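1. here is my input, please return the structure:
(chains A and B, ligands or ions: 2)
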Amino acid sequence: MPRPFTPKVLTANDLILGDVVYMTADGGWTRRHAEAELIEDAATADLKLLDAEARGHEVVGAYLADAVAGLRGPEPVHFREAFRTRGPSNYRHGKQETV
Amino acid sequence: MYTYSEFDEAFVRTRVAQFRRQVERRLDGSLTEDEFKPLRLMNGLYLQLHAYMLRVAIPYGTLNARKMRQLAMIAERWDKGYGHFTTRQNIQFNWPKLKDVPDILDALADVGMHAIQTSGNTIRNVTADHFAGAAADEVTDPRPVAELIRQWSTDHPEFQFLPRKFKLAVTGAAQDRAVTAAHDIGLRLVEQDGVTGARVLVGGGLGRTPMLAKVIREFVPLPDLLPYLEAIVAVYNLLGRRDNKYKARIKITVHETGIDEIRRLVEEEFAARKPLFSGIDQTHLAAITAQFAPPAFDKGGPEDYQTWRHADPVFRAFTDTNVTAHRHPDYAILTVSLKAHGTTPGDATARQMRALADLAEHYGHDELRISHEQNVILPHVPKRHLKAVHAALAAEGLATANVGLISDIIACPGMDYCALATARSIPIAQEIATRFEALKIEHEIGELKIKISGCINACGHHHVGHIGILGLERNGVENYQITLGGDGTETAVIGDRAGPGFGADEIIPAVERLVQAYLDLRADPGERFLDTYRRVGIAPFKAALYTAEEAANAA
Ligand code: HEM
Ligand code: SF4
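-> Ligands and ions are numbered 1, 2, ... in the order given. All right, here's what the predicted structure looks like:
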């Protein structure tokens, strides 16, 4: 039996800034995890990843990361992804500077 | 201090110009990331978790005021106002924007610095004893040899695609402060019958398979050194495993082939290569050595140094921990701790960098060093100026008296920055330092080296920490594994794994239990943690780590 699919978000880093970005449902990029599209099946996930990889002039290092539906939108599963939504813990730099 | 020749200057400028065009072509879409990545890595530009990171080499850890001020300027203009000094005597900027990097590289070239070969399967920045040229126990200054190696290895056509990264360290002192045993090649400069040469170690490295280097040749006279090094790297270049990244370092080659066979192959290669060296490298070495001539030490005596020490306990504590014996009796080597309790190990703000540059210029013969322990050193300070220097440092939050103590922690960037990390390192270092500061016992504990890495790659040298901490993931949370009894000096040892790891909220109490066990076990206050560990073995420390924990769980 195939393993059940864990929902994903597509994430990458902005080409110029390096800032973490997520793909939205309309194919744009957002800097907020909660605004990402929660991808529910493997076929869509593969397509989105191919799409992101073809957009190397916008982003770099695209990959799929596990996520779960939350009250305000998708939430990260792994602590690494949670850190990526905020920035480092030793300074208020990165996303947490503005959010 | 070495200044760039016309050749160095032209070479570095050409590389910056090339990279500028490469960045332009990346930004306008003509280069894909797959094409661009090797190019950016060749110039020290990584992609981390939240941003790009630029790694700049500080060859053999030596800086002057002008270079330090330029690093401060770069931090302020193109980064977030600080830089991170690393265990490999590099500085990392954590927030550069891709489009600014060529300008940053030009600014570095303005002061004779670069980011070349700070990444990739090449010979990396050559590190050296941070007390070079100043230490009382030094046979010879290792920096001229390190500079010769830097020039020989930079853009060396044969060694641009080695099986894996290749790291060299050089020391010229009896005490090994350069961790030479943990390098692909470690050089210990010595004298034999009036001839200077190197004891050559090969095949050390940390990472997932930590190994200490083995002596390949007891003595290589200086005139033979470059051809001998070239022979080692050439043998490795052919023999090193390119099929498996995890087996590609020379430590594995030495392990699998055997040191005797490697030695035989190297001698053969050396015999073939030696005649090709015309001796020009030796003329060149002499010219480099002249540039590292010791400063003109001034004649003023120590004045009131001892009186100040008696009168002022803060100054006394500071000089007790942060001053090391200089070869000149009226001078001191001053280590400036970048480990103020609760701060990020190795980080310096632009303002602090400028303050250090000013002090080096006013009191320290314009010399600064970066240590692999992530501190800054003023290597030549007349003792009669120490009071003024201490006051100036205190004003900048740089007078922490903790060098060599439990809060003088090495920590890699870990999961706060690094894309390869499995856990964070920095917060653990911050919490240990804050905790022991609150307990007010670190001076009583004495020398204790804690080193923390955020993954198995061991950039934070945890294997050679008296207490090593390795951050891993277990069941979806951060977990920290402890090693004990590691040593990175001339008596190098890879630490022993203590047992199962600890969660993020358990690791600080675990370290406290280890320290308490040590205080109970030590023969006298002069016996360091490491000495006690060597005397009594791991058992009582394991008991302190785990029995107490089980008792707590049962309660
Ligand atoms: C982008 C950040 C970094 C990356 C991608 C990185 C990558 C690596 C990797 C893959 C290894 C293991 C090499 C092997 O076992 O073959 C390693 C080892 C090492 N790195 Fe890093 N590192 C980073 C940051 C640092 C920093 C910040 C330091 C200094 C604090 C550092 C110093 C070292 C040292 C000393 C070793 C172990 C010695 C050895 O090479 O065996 N690295 N690094
Ligand atoms: S040890 Fe791991 S986490 Fe730390 S800097 Fe090296 S690669 Fe990154």
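2. show the contacting residues for residue B:411.
-> Under the criterion of Cβ atoms under 8 Å, 6 or more residues apart in numbering or on different chains, the contact list for residue B:411 reads B:344-346, B:374, B:425-426, B:428-429, B:451-452, B:460. All C-beta spots, glycine's among them, are computed from the backbone N, C-alpha and C.
3. nearest to residue B:441 among these?
-> residue B:429 (17.6 Å; Cβ to Cβ).
4. just the contacts of residue B:411 now: which is nearest ligand 1?
-> Taking Cβ to the nearest ligand atom as the measure, ligand 1 lies nearest residue B:460 of the contacts of residue B:411, at 6.2 Å.
5. gap between the closest one and residue B:452?
-> Using Cβ to Cβ, to the nearest Å, residue B:460 is found at 5 Å from residue B:452.
6. cool, and residue A:94?
-> 22 Å.
7. one more: residue B:135?
-> Taken as Cβ to Cβ, the span from residue B:135 to residue B:452 is 27 Å.
8. before we move on, what SS does the residue in chain A positioned nearest to ligand 2 have?
-> In chain A, the residue that lies nearest ligand 2 is residue A:80 (11.1 Å; Cβ to the nearest ligand atom). Assigned with DSSP: H, G, I helix; E, B strand; the rest coil, residue A:80 falls in the helix class.
9. tell me the contacts of it?
-> Taking Cβ under 8 Å, 6+ apart as the test, what residue A:80 contacts is B:49, B:415, B:421.
10. which ones among those residues map onto strands?
-> Per DSSP state E, strands hold no members of the contacts of residue A:80.
11. go through the residues you listed and name the one nearest residue B:182.
-> residue B:421 (20.2 Å).
12. residues near that closest one, how many?
-> 26 (other Cβ atoms under 10 Å in any protein chain shown).
13. for it, list the residues it contacts.
-> Residues counted as contacts of residue B:421 (Cβ under 8 Å, 6+ apart) are A:80, B:49, B:413-415, B:454-455, B:471.
14. so what's residue B:337 closest to, chain neighbours aside?
-> Sequence neighbours aside, residue B:400 is the residue nearest to residue B:337 in space, at 4.3 Å (criterion: Cβ to Cβ, 6 or more residues apart in numbering or on different chains).
15. just to be sure, the one you found is in a helix?
-> No: applying three-state DSSP, one finds residue B:400 to be coil, outside a helix.
16. okay, and the most centrally placed residue in chain A sits in which element?
-> In chain A, the centroid-proximal residue (Cα atoms, centre = their mean) is residue A:11; its distance is 3.0 Å. Residue A:11 belongs to strand A:8-14 when elements are defined using DSSP states H and E.
17. my guess is residue B:503 contacts residue B:476, does it?
-> No: counting by Cβ atoms under 8 Å, residue B:503 sits too far from residue B:476 to count as a contact (11.4 Å).
18. picking up where we left off before, of residue A:94 and residue B:452, who's got more company?
-> Comparing residue A:94 with residue B:452 by other Cβ under 10 Å, the one with more neighbours is residue B:452, at 30 against 25.
19. where does the chain have low pLDDT?
-> With no chain named, the answer covers chain A. For chain A, the stretches with pLDDT under 70 are A:1-2, A:99.
20. let me rephrase: I mean chain B.
-> In chain B, residues with pLDDT under 70: B:548-555.
21. in it, where's the longest helix?
-> helix B:6-27 (DSSP state H).
22. helices and strands around the lengthiest helix in chain A, which ones?
-> Ordering each helix of chain A by length in residues (DSSP H) puts helix A:42-53 first. Helix A:42-53 sits against strand A:8-14, strand A:20-23, strand A:59-70, with contacts defined as 3 or more Cβ pairs under 8 Å, 6 or more residues apart in numbering or on different chains; DSSP states H and E.
23. output the ones you listed as TSV; include the columns distance to ligand 2.
-> As requested, those are exported to TSV (distance: least, Cβ to the nearest ligand atom, whole Å):
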stretch	distance to ligand 2
strand A:8-14	16
strand A:20-23	17
strand A:59-70	15
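24. taking the centroid of chain B, which residue is nearest it?
-> Centre-nearest of chain B using Cα atoms, centre = their mean is residue B:372, 2.3 Å out.
25. how about the residues of chain B that lie near ligand 1?
-> Within chain B, the residues that sit near ligand 1 (Cβ under 6 Å from any ligand atom) are B:46, B:48, B:53, B:86-88, B:92, B:164, B:167, B:205-208, B:249, B:412-413, B:418, B:420, B:457-459, B:461.
26. make a ChimeraX selection of the buried ones in those.
-> ChimeraX command restricting those to the buried ones, with burial defined by 16 or more other Cβ atoms under 10 Å in any protein chain shown:
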select /B:46,48,53,86,87,88,92,164,167,205,206,207,249,412,413,418,420,457,458,459,461
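27. out of the residues of chain B next to ligand 1, who's near ligand 2?
-> B:412-413, B:418, B:420, B:457-459.
28. biggest separation within the residues you listed, which pair?
-> B:413 and B:458 (13.2 Å).
29. for the residue of chain A found nearest ligand 1, which residues are in contact?
-> For chain A and ligand 1, the shortest gap (Cβ to the nearest ligand atom) falls at residue A:18, measuring 12.0 Å. Contact analysis of residue A:18 by Cβ under 8 Å, 6+ apart lists A:60, B:47-48, B:50-52, B:95, B:97-98.
30. quick one: secondary structure of it?
-> coil.
31. I figured residue A:49 was touching residue A:64, is that so?
-> Yes: taking Cβ under 8 Å as the definition, residue A:49 is a contact partner of residue A:64 at 5.9 Å.
32. quickly list what's touching both of those two.
-> residue A:10.
33. which parts of the stretch 1-150 of chain B are strands?
-> Taking DSSP state E, counting those that start in this stretch as the criterion, the stretch 1-150 of chain B contains strands spanning B:45-47, B:52-57, B:62-63, B:82-85, B:90-93, B:127-128.
34. quick one: which of the ones you listed is nearest chain A?
-> Among these, the nearest to chain A by Cβ to the nearest Cβ is strand B:52-57 (4.3 Å).
35. for chain B, which residue gets nearest to ligand 1?
-> For chain B, Cβ to the nearest ligand atom, closest residue to ligand 1: residue B:207, 2.3 Å.
36. gap between that residue and residue B:32?
-> 30 Å.
37. count of neighbours near residue B:215?
-> With other Cβ under 10 Å as criterion, residue B:215 counts 15.
38. now do the domain split for chain B, please.
-> Domain ranges of chain B: B:6-110, B:142-291, B:306-395, B:410-554, per automatic domain parsing.
39. can you say which of those domains is nearest to residue B:123?
-> Short answer: domain B:142-291, nearest of the domains of chain B by Cβ to Cβ, at 3.7 Å.
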